[in-house]
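Engineer: coords please:
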Amino acid sequence: MLAPLPCQAEIPSSKAIKVPYGLAWGASVENVREMIRAVKGTESGFTQKTGGRTVLEATGLNVGDQLLRKSLFIFRDGLLAEVELEYGDPSWDAEKTTDFFDRTRRRIDERYGTGTLLVNKVKEHPSDAKAPSDVTFTLIIYQWIQPTVALELNYSSVEGNEKAVRLVSLHYKTP
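Structural biologist: As a prediction, the model looks like this:
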């Protein structure tokens, strides 16, 4: 009689990344507008871009999430292909923004598996000779890819002249 083969420890499978707001890739502009109206959000912009791209911008979609500032819905040839969620608080300093980014990355890692670091530029000076010498920028991007969706978490900041602009955003994209 043969002995049973030892079992390998099962690796927990990550959850499926879903398109935000219960939408699906390929949704029409009108489908997205219906969702915005249903949650009492506001369409704040609609822009035609080159290459058959259209961007619909909305605010007020932060049901249960007061840090969500803006949602962007990107369409290619009239079909939903990307959703960007922009987070932040104007009163946050660099430390609070970085902490929010790190906590968000850890939560996504727990849910979908460890992300891949794509970009890690911290406090770099712009290469443009016209940029003021005291301006620095930071860009950090992590990515998680599944068969039907890619998710990127971005931290970007531009600091200088005693002013700073900081943004943490989630980008859901068709792979």
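
Engineer: What does the pLDDT read for Ile17?
Structural biologist: pLDDT, Ile17: 95.

Engineer: So it is in contact with Leu151, correct?
Structural biologist: Yes: applying C-beta atoms under 8 Å as the test, Ile17 and Leu151 come out as touching, 5.2 Å apart. Every residue, glycine included, has its C-beta placed from N, CA and C.

Engineer: Mind listing the shared neighbours of the two?
Structural biologist: 112, 144, 172 (C-beta atoms under 8 Å, 6 or more residues apart in numbering).

Engineer: quick one: what helix or strand has the second one in it?
Structural biologist: The secondary structure element spanning Trp144 is strand 136-146 (assigned by DSSP states H and E).

Engineer: quick revisit: comparing Ile17 and Leu151, which shows the higher neighbour count?
Structural biologist: Leu151 (21 against 18; other C-beta atoms under 10 Å).

Engineer: so that one makes contact with Thr174?
Structural biologist: No: contact between Leu151 and Thr174 fails when scored by C-beta under 8 Å: they sit 11.4 Å apart.

Engineer: which residues do these two both contact?
Structural biologist: By C-beta under 8 Å, 6+ apart, no residue touches both Leu151 and Thr174.

Engineer: Point out where this protein drops to low pLDDT.
Structural biologist: 1-14, 129, 131 (pLDDT under 70).

Engineer: now the longest helix along it against strand 136-146, angle please.
Structural biologist: Determined from DSSP state H, the single longest helix within the chain is helix 94-112. Orientation of helix 94-112 against strand 136-146 (axes from the mean of the first three to the mean of the last three C-alpha atoms, to 10 degrees) gives an angle of 10 degrees.

Engineer: Residues touching the helix or strand following helix 94-112, excluding its own?
Structural biologist: Going down the chain from helix 94-112, the next helix or strand is strand 116-124, by DSSP H and E. For strand 116-124, contacts defined as C-beta under 8 Å, 6+ apart pick out 136-145, 152, 159.

Engineer: Pull out the buried residues from these.
Structural biologist: Buried members of those, counted by 16 or more other C-beta atoms under 10 Å: 136-138, 140-145, 152, 159.

Engineer: residues in contact with stretch 157-165?
Structural biologist: 93-94, 97, 123, 132, 134-138, 166-167.

Engineer: Same question for stretch 27-43.
Structural biologist: In this structure, residues lying in contact with stretch 27-43 by C-beta under 8 Å, 6+ apart are 21-23, 54, 56-61, 63, 71, 73, 75, 78-80.

Engineer: Having no further points to raise, I will conclude here.
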